[in-house]
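Asker: Following is a predicted model, sequence given first.
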There are 2 protein chains.
Amino acid sequence: MARNSDGTKRTAILDAAVVEIARHGYHQTTVAMIARRAGVADGTIYLYFRNKEEILFSLFERAMGRFISEGRSQVDQETTAIEKLRRIVELHLTLVGKDRDLAIISQVELRHSLHFMDQLSRSQVGEYLAIISQVVAQGMEEGSFRKDLDPIFASKAIFGVLDEMATDWVLSHRNKRLESQAKAVTDFLLGGLSV
Amino acid sequence: MARNSDGTKRTAILDAAVVEIARHGYHQTTVAMIARRAGVADGTIYLYFRNKEEILFSLFERAMGRFISEGRSQVDQETTAIEKLRRIVELHLTLVGKDRDLAIISQVELRHSLHFMDQLSRSQVGEYLAIISQVVAQGMEEGSFRKDLDPIFASKAIFGVLDEMATDWVLSHRNKRLESQAKAVTDFLLGGLSV
DNA sequence: TAGTATACTGAATAGTCATTCATTTTATTA
DNA sequence: TAATAAAATGAATGACTATTCAGTATACTA
């Protein structure tokens, strides 16, 4: 499998894939379309990726990597669990809201098949949830969060709210920035519905 | 477009589609596979559905219809917003947890394309969210829910948590019943993370 | 029972595209 | 500069499948 040394061409292919897949959907996007936009020949794609599906996987890995590494660093910049949660919410909404094409991919196109979702949730999403659940656990120790929480459960619930906001933003055609919801989300997560 | 008077055959086709699509995914499921399982000829499918995609739409409508009608009836059986919320959470998790094949479809396969999700969210999901947001609004009037909530926002957050629990259950290979999470979900939604 | 309408069948069609690989171009080495 | 290796090309292949429709079977009517 030949490839140029810097990741130039691989990156170009992934960038092209984001645009084409966001615009036409994974199944309507042909390998030829991605190749054309990336400025390479069809066959070149197969020097960098085993098959079409691997492009989608790689796309996800690249995006999720940012969530994890930035997530960690944001969390490390704060001391209290409440502030850490605030940072995670802001980061999540900001990262998704930054690039609509990528958001379409992560909120819609990546959820195509059971097989696919399975892989995703096992690998990187699990790592992301672990970061969140650590924050919850810390909050419980600190005494700022309720003692009767299950951190794993709570991390999923938190992710669920963030994910729904992201999906809603992708589907809405309004132009409101996604990160403008950060405060509302944090307040809801911390305080719940009850007075 | 010919068809037999009772919905027998149409129902058989939809039932077959649920099984095949849950098992192989929408794109790996051929019309022939659905026809075979339903015990009809390939062409018969097209007497009942315009095309393959319409099968998926119909599947969704049938399933979502239950959420909405049962949701309303559950809500009507309670008086306080807190109890209504409890019912919605229980119903949602029970309905999803009742049929794993259908759950796979609603949590994974139905989210195929932006176009598709768009249609879904506009139509029936919107109606479902409206039911939830009415409950939130009632809770605010009653004084049992915080006054600074936006009911629309809150309904999305609630749906997000329910949806994530459902997806997690579909992807997890454990056998724990989904509705066993109902209390944890309700507590989380009502009380949030903070003490 | 003959005639007509309705329902169903399944083989043939028509188009699509992921993937391959023989060939060409570009880079590296001696 | 010649020889060799690495990268890249893109036309051709081969496999797949949604949809159609001419024909058959079943139900209904007079």
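Answerer: Now that the structure is in, tell me what you want to look at. This structure is a prediction, so every number in the text was calculated from the model and none was measured.

Asker: Send me the helix or strand of chain A with the lowest mean pLDDT as CSV with only the CA atoms.
Answerer: The weakest-scoring helix or strand in chain A, judged by mean pLDDT, DSSP states H and E, is helix A:114-120 (a mean of 83). Taking Å, rounded to 0.1, in the frame of the first residue of the first chain, the C-alpha atoms of helix A:114-120 are listed here in CSV:
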residue,chain,number,x,y,z
LEU,A,114,-25.9,-1.4,14.0
HIS,A,115,-22.5,-2.9,13.2
PHE,A,116,-21.1,0.6,12.7
MET,A,117,-22.6,2.1,15.9
ASP,A,118,-21.4,-0.9,17.8
GLN,A,119,-17.8,-0.2,16.8
LEU,A,120,-18.1,3.4,17.6
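
Asker: Give me the average confidence score over the following helix or strand past it.
Answerer: Heading C-terminal from helix A:114-120, the first helix or strand you meet, by DSSP states H and E, is helix A:126-142. For helix A:126-142, mean pLDDT rounds to 97.

Asker: Show me what helix A:126-142 is packed against.
Answerer: On a contact count with 3 or more C-beta pairs under 8 Å, 6 or more residues apart in numbering or on different chains; DSSP states H and E, helix A:126-142 meets helix A:52-76, helix A:81-98, helix A:151-171. (Glycine included, C-beta is placed from N, CA and C.)

Asker: if we can go back for a sec, what about the least confident helix or strand of chain A, near DNA strand D?
Answerer: No. Applying C-beta under 7 Å from any atom of the strand, one finds helix A:114-120 separated from DNA strand D by no less than 15.0 Å.

Asker: SS state for A:Q28?
Answerer: Using DSSP: H, G, I helix; E, B strand; the rest coil, the secondary structure recorded for A:Q28 is coil.

Asker: what about it, how many residues close to it?
Answerer: Neighbour count of A:Q28, defined by other C-beta atoms under 10 Å in any protein chain shown: 12.

Asker: ditto for A:S121
Answerer: Using other C-beta under 10 Å, A:S121 has 16 neighbouring residues.

Asker: how near is it to DNA strand C?
Answerer: A:S121 sits 23 Å away from DNA strand C, going by C-beta to the nearest atom of the strand, to the nearest Å.

Asker: Quick check: that residue vs DNA strand D, distance?
Answerer: In terms of C-beta to the nearest atom of the strand, A:S121 sits 26 Å off from DNA strand D.

Asker: Name all residues that make contact with that residue.
Answerer: B:D168, B:L171 (C-beta atoms under 8 Å, 6 or more residues apart in numbering or on different chains).

Asker: quick one: pLDDT of the residue most central in space within chain A?
Answerer: Residue closest to the average C-alpha location in chain A (C-alpha atoms, centre = their mean): A:M64, at 5.0 Å. Per-residue pLDDT puts A:M64 at 92.

Asker: Could you measure from the nearest residue in space to it that is not next to it in sequence over to A:L59?
Answerer: Counting by C-beta to C-beta, 6 or more residues apart in numbering or on different chains, A:M64 lies nearest to A:Q124, which is 4.0 Å off, once chain neighbours are set aside. Counting by C-beta to C-beta, to the nearest Å, the gap from A:Q124 to A:L59 is 12 Å.

Asker: quick one: which of those two has more around it?
Answerer: A:L59 (22 against 17).

Asker: Residue numbers of chain A in contact with DNA strand C?
Answerer: Within chain A, the positions adjacent to DNA strand C are A:Q28, A:T29, A:T30, A:V31, A:A32, A:D42, A:G43, A:I45, A:Y46, A:N51, A:K52, A:E53 by C-beta under 7 Å from any atom of the strand.

Asker: re the thing from before, can you list the helices and strands packed on helix A:126-142 in a markdown table and add distance to B:E109?
Answerer: A markdown table is the format used below for the helices and strands packed on helix A:126-142 (distance: least, C-beta to C-beta, whole Å):
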| stretch | distance to B:E109 |
| --- | --- |
| helix A:52-76 | 16 |
| helix A:81-98 | 23 |
| helix A:151-171 | 16 |
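
Asker: so A:L85 makes contact with B:L193?
Answerer: Yes. Counting by C-beta atoms under 8 Å, A:L85 does reach B:L193; the two are 7.4 Å apart.

Asker: who touches both of those two?
Answerer: Residues touching both A:L85 and B:L193 (C-beta under 8 Å, 6+ apart): A:G139, A:L189, A:L190.

Asker: which one among those residues gets closest to DNA strand D?
Answerer: The shortest approach to DNA strand D among the shared contacts of A:L85 and B:L193 belongs to A:L189, at 42.3 Å (C-beta to the nearest atom of the strand).

Asker: Check the burial of the nearest residue in space to A:F188 that is not next to it in sequence by counting its neighbours.
Answerer: Taking C-beta to C-beta, 6+ apart, and ignoring the residues beside it in sequence, A:F188 has B:A157 as its nearest neighbour in space, at 5.2 Å. Other residues near B:A157 come to 29 when the count uses other C-beta under 10 Å.

Asker: Could you measure from A:G192 over to chain B?
Answerer: A:G192 sits at a distance of 3 Å from chain B (criterion: C-beta to the nearest C-beta, to the nearest Å).

Asker: For the spatially closest residue to that residue that is not a sequence neighbour, grab phi and psi.
Answerer: Counting by C-beta to C-beta, 6+ apart, A:G192 lies nearest to B:G192, which is 3.1 Å off, once chain neighbours are set aside. Reported as degrees, to the nearest 10, the phi and psi values for B:G192 are phi 70, psi -170.

Asker: what's near enough to touch B:G192?
Answerer: Taking C-beta under 8 Å, 6+ apart, one finds A:F188, A:L189, A:L190, A:G191, A:G192, A:L193 in contact with B:G192.

Asker: can those residues go into JSON lines with extra columns for secondary structure and pLDDT?
Answerer: Below are the contacts of B:G192 laid out as JSON lines (DSSP: H, G, I helix; E, B strand; the rest coil; pLDDT from 0 to 100):
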{"residue": "A:F188", "secondary structure": "helix", "pLDDT": "98"}
{"residue": "A:L189", "secondary structure": "helix", "pLDDT": "98"}
{"residue": "A:L190", "secondary structure": "helix", "pLDDT": "98"}
{"residue": "A:G191", "secondary structure": "helix", "pLDDT": "97"}
{"residue": "A:G192", "secondary structure": "coil", "pLDDT": "96"}
{"residue": "A:L193", "secondary structure": "coil", "pLDDT": "94"}
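
Asker: Understood, closing this out.
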